[in-house]
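1. Sequence and predicted structure, then a few things I'm wondering about:
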Amino acid sequence: MTKEPNKLCGKCNKPKGKGEGFCNCGRPEKYTKKLGELICLRLTNGESLKKICEDSKMPSRISVHAWLLDEEKKEFLNNYKTAINIRTENMFDDIEDIAENDGEVQRDRLRVDTRKWYLSKVMPKKYGDKLDLTSGGEKLPTPIYGGKSTDKEE
């Protein structure tokens, strides 16, 4: 039986593994403000969290999700939400560019429809199909035909 040699780290050229003499360049697990800002910057540029976390220099999605849930990292949570909103606005801008492109019509239609669907789910008040023009977001009373509504207090 031959033992397979350890793979070498691309950064430090040491064998991958645990313990002394092995690479310890693994993914960052500890939150830093700089790392949080980098994640948010990449989100605003259109990358998904999944794609960002596939980068070997970035933390795993589990780590990022733990940071988002951590009460002590509220600033990261707020920055993350803002980054998602910016990415969504950028996606809306992309729809016009795709539609004006003289490319493959079916593919471009799918790209536009996918973005429209995503926008309607992530920001339904702004990009959803249903628009409430009468109540200002308040619940409307349910009408009862032949009588008074029971939802409204008298």
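-> Now that the structure is in, tell me what you want to look at.
2. make it CA atoms for all contacts and neighbour counts henceforth
-> Fine.
3. and the longest helix seen in the chain, which residues are buried?
-> Once the chain is assigned using DSSP state H, the helix that runs over the most residues is helix 74-100. Residues of helix 74-100 classed as buried under the neighbour-count rule (16 or more other CA atoms under 10 Å) are 76-77, 79-80, 83-88, 91-92, 95, 98.
4. Can you spell out which helices and strands pack onto that helix?
-> In terms of contacts (3 or more CA pairs under 8 Å, 6 or more residues apart in numbering; DSSP states H and E), helix 74-100 is packed against helix 33-44, helix 61-69, helix 105-122.
5. Mind checking those for the one nearest to Lys139?
-> Ranking the helices and strands packed on helix 74-100 by their distance to Lys139 (criterion: CA to CA) puts helix 105-122 first, at 20.4 Å.
6. Name the surrounding residues that touch the closest one.
-> Counting by CA atoms under 8 Å, 6 or more residues apart in numbering, the neighbours of helix 105-122 from elsewhere in the structure are Thr88, Met91, Phe92, Ile95, Ile98, Ala99, Lys126, Tyr127, Gly128, Asp129.
7. what about it, average pLDDT?
-> Averaged across helix 105-122, pLDDT comes to 92.
8. Just give me how far it sits from the chain centre.
-> Counting by CA atoms, centre = their mean, to the nearest Å, helix 105-122 is centred 16 Å from the centre of its parent chain.
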